[in-house]
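Participant: Below: sequence and its predicted model.
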Amino acid sequence: MGVPFNVYRLVDRSKQIEGFELIKKLRGNDVMYSECLSLSMDCVIDDYSEWPAGQGFGSSDTTYAIQSFINHVIRYCGLSEELKTTFNPHLCVIKL
């Protein structure tokens, strides 16, 4: 088994989510930001590593994987008190 998506493509799509730029803006430190991305990639890989072979992985599954990745980034960057993901009506990152 493996993850049912290309992790790098998922990260690229995450960066296009409305409000994602707030994470880098608030974090500022590129080294810490890069570390947050790397740790979050590892987490999302772990989260989806048990996806059954042959089971489909559709657009809504991809959206939830993107949300999971962004939530990990927010947490690792120490921004859980300032930002969160929400569906309004599409996935976005908002300030609290």
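Facilitator: All right, it came through fine. Keep in mind that what you see is a predicted model, and the values were worked out from it rather than measured.
Participant: And the most centrally placed residue in the chain, how close does it get to Ala53?
Facilitator: Geometric centre of the chain, nearest residue: Phe69, 2.1 Å, by CA atoms, centre = their mean. From Phe69 over to Ala53 the distance is 22 Å, taken as CB to CB, to the nearest Å. Yep, even glycine has a C-beta here, placed from its N, CA and C like the rest.
Participant: Ile70 now?
Facilitator: Computed as CB to CB, the Ile70 to Ala53 distance reads 26 Å.
Participant: Likewise for Val44?
Facilitator: Going from Val44 to Ala53 by CB to CB gives 18 Å.
Participant: more crowded one of the two?
Facilitator: Remark: of Val44 and Ala53, Val44 carries more neighbours, 25 against 7, as counted by other CB atoms under 10 Å.
Participant: Apart from its neighbours in sequence, what residue is nearest that one?
Facilitator: Spatial nearest neighbour of Val44, excluding adjacent residues (CB to CB, 6 or more residues apart in numbering): Phe69 at 4.5 Å.
Participant: pLDDT (mean, whole number) over the helix or strand hosting that neighbour?
Facilitator: Taking DSSP states H and E as the criterion, Phe69 maps to helix 59-76. Averaged across helix 59-76, pLDDT comes to 96.
Participant: That helix - contacts with which helices or strands?
Facilitator: The contact analysis (3 or more CB pairs under 8 Å, 6 or more residues apart in numbering; DSSP states H and E) places helix 59-76 against helix 7-15, helix 21-27, helix 30-48, strand 83-87, strand 91-95.
Participant: ok, Gly58 - how many residues close by?
Facilitator: Other residues near Gly58 come to 8 when the count uses other CB under 10 Å.
Participant: and it, backbone torsions?
Facilitator: phi -90, psi -170 (degrees, to the nearest 10).
Participant: how near is Asn88 to Leu26?
Facilitator: Counting by CB to CB, the separation of Asn88 from Leu26 is 19 Å.
Participant: go on, Gly78?
Facilitator: 9 Å.
Participant: So which of these two has more stuff around it?
Facilitator: More crowded of Gly78 and Leu26, by other CB under 10 Å: Leu26, with 15 against 12.
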